[in-house]
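A.B. asks: Pasting a predicted model and its sequence here:
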Amino acid sequence: MLQEDPKRTHVPAEPQLIVALYVATNQPVVQPVGRTAQAAQGAVVAVREGAIFQVMVALTLAESGENVIYSAPPVEQREVQQALEEALNFAESMGFILDGTGWANLDDAHRSELLESTPAFWPPADVEEAPAEKPQIDDPMQAVARLFAAFALLLLASCSGMSAEQRAQAAEIHQQLGDNLLYQGDAQGAIKEYMQSLDLDETPEAHNGLGLIYWYSLGRPEDGAKEFKRALQMRPDYSEAMTNLGALYISRSQFTDAIPLLDKAARDPLYKTRTVAQANLGWALYKSGQPEKGIGEIRGALAVAPKYCLGWRQLGTIYSEQSRLDEASKAFGRYAEECPDVGDAHLLFGKVLARQQRAKEARAEFERCAIPKQERDKPVASECARFLKELGTP
């Protein structure tokens, strides 16, 4: 079980001790305990410490510049792969998309470049001071909702008691406040609102919201699963909770458990985001040994939502892993076309083009992602630059 290690401020940049390194190709919003919600870069690294090995997940918070390190208990060499898989699942459960660097096969120059471009290895003195945080301003609708909730509670305190209908209305307001705060990244505020909602009237929506916070923001997937399951006990056809629980199962490699949930959500004609459930269903089917069924589901989702970036990435990854390079090239090409600002779209497309001996086209893709537009793009940009160097001059 990975736990935050407050004694570590960064991962030591000692290449001779590193045995594996994975770097995130995206920068999701996370909220480690005690910090504000903010975008973060991520890395998973395994290092040798004497006769044992330590596997860590490192988050570098974009606003504060702080490295938050999660460590697993030390393991022996034969257990490193399993510990790495658990760490990758942990990082993916927070929304990171991780790519292996092929550390064992890199020469010293490429290893040094990776360490210099990955902020998990930067000591605190090397991190620029973050700008002062701006105070958040409630939007008008949220302010009105807060006043209404306060009025409801005042009514509860000043009268002999609220009717069942009043309690339900007050609970719904707190639940909606929780949803708004969750969307804004205020996990602690959202928890408070959801708890107040449940004190007034238990609803599946509040349990679903709590599940998202426990899983995504606090890194407590067991508690998240418990909340999603409670929401489904109360409303068995609650597609949003089914999709969330299915995604949680995927993050923990419980693909067979995810399939029936995602299948049911994907067939719900009233569920607005059923394409997300269908694409995740396809990935779970692929991972459980049903690749053609999985491909069919992902293609079905993309037919409805052709700009769904993760769907094209999933499809391209499946074809690439099956060495179906023509189809992988088409899928990653659509990924780059529909999502041109996502750096790893050009990286993945370029890698497949290089495997097809299409060096000129591959070089063009790597050039599109070799220069980072933002700080969060640096890991992908470093990889693109490395592949450009390997291709050599045209």
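C.D. replies: Noted; the coordinates are in hand.

A.B. asks: What is the burial count for residue 192?
C.D. replies: Residue 192 has 15 neighbours, counted by other Cβ atoms under 10 Å. For glycine as for every other residue, the C-beta is placed from the backbone atoms N, C-alpha and C.

A.B. asks: And the one 3 residues further on, by the same measure?
C.D. replies: The burial count assigned to residue 195 is 13, neighbours taken as other Cβ under 10 Å.

A.B. asks: Kindly report the same for the one 10 residues further on.
C.D. replies: Residues within reach of residue 205, counting by other Cβ under 10 Å, total 21.

A.B. asks: so what's it closest to, chain neighbours aside?
C.D. replies: Distances taken as Cβ to Cβ, 6 or more residues apart in numbering place residue 175 nearest to residue 205, at 5.1 Å, with adjacent residues excluded.

A.B. asks: For the one you found, give me its contacts.
C.D. replies: 193, 194, 197, 203, 205, 206, 209 (Cβ atoms under 8 Å, 6 or more residues apart in numbering).

A.B. asks: Tell me the helices and strands packed up against the host helix or strand of residue 314.
C.D. replies: Taking DSSP states H and E as the criterion, the element that holds residue 314 is helix 309-321. For helix 309-321, the elements it packs on are helix 274-287, helix 291-304, helix 325-338, helix 343-355, judged by 3 or more Cβ pairs under 8 Å, 6 or more residues apart in numbering; DSSP states H and E.

A.B. asks: So which elements touch the first one?
C.D. replies: Think helix 274-287. helix 239-251, helix 255-266, helix 291-304, helix 309-321.

A.B. asks: And the lowest mean pLDDT element among the helices and strands of this structure?
C.D. replies: helix 140-158 (a mean of 46; mean pLDDT, DSSP states H and E).

A.B. asks: Enumerate the positions of the helix or strand following that one that are buried.
C.D. replies: Sequence order places helix 164-184 as the next helix or strand after helix 140-158, per DSSP H and E. Of the residues in helix 164-184, 166-167, 169-182, 184 count as buried by neighbour count, 16 or more other Cβ atoms under 10 Å.

A.B. asks: wait, which of the helices and strands packed on helix 309-321 is closest to residue 237?
C.D. replies: Distance to residue 237, taken as Cβ to Cβ, is lowest for helix 274-287 among these, at 12.7 Å.

A.B. asks: Can you give the distance of that closest one from its chain's centre?
C.D. replies: Offset of helix 274-287 from its chain centre (Cα atoms, centre = their mean, to the nearest Å): 16 Å.

A.B. asks: Can you check what angle separates it from helix 309-321?
C.D. replies: 20 degrees (axes from the mean of the first three to the mean of the last three Cα atoms, to 10 degrees).

A.B. asks: got the angle between helix 274-287 and helix 291-304?
C.D. replies: 160 degrees.

A.B. asks: ok and helix 274-287 relative to helix 239-251, angle-wise?
C.D. replies: Using the same axes, to 10 degrees: helix 274-287 against helix 239-251 is 30 degrees.

A.B. asks: just the CA coordinates of helix 274-287, formatted as PDB?
C.D. replies: Output of helix 274-287 as PDB, limited to C-alpha atoms (Å, rounded to 0.1, in the frame of the first residue of the first chain):
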ATOM      1  CA  ARG A 274     -22.400   6.800 -22.100                       C
ATOM      2  CA  THR A 275     -19.600   7.100 -24.700                       C
ATOM      3  CA  VAL A 276     -17.100   7.200 -21.800                       C
ATOM      4  CA  ALA A 277     -18.600   4.000 -20.300                       C
ATOM      5  CA  GLN A 278     -18.500   2.400 -23.700                       C
ATOM      6  CA  ALA A 279     -14.900   3.200 -24.400                       C
ATOM      7  CA  ASN A 280     -13.900   2.000 -20.900                       C
ATOM      8  CA  LEU A 281     -15.900  -1.100 -21.600                       C
ATOM      9  CA  GLY A 282     -13.900  -1.700 -24.700                       C
ATOM     10  CA  TRP A 283     -10.600  -1.300 -22.800                       C
ATOM     11  CA  ALA A 284     -11.800  -3.700 -20.100                       C
ATOM     12  CA  LEU A 285     -12.800  -6.300 -22.700                       C
ATOM     13  CA  TYR A 286      -9.400  -6.000 -24.400                       C
ATOM     14  CA  LYS A 287      -7.500  -6.300 -21.100                       C
END
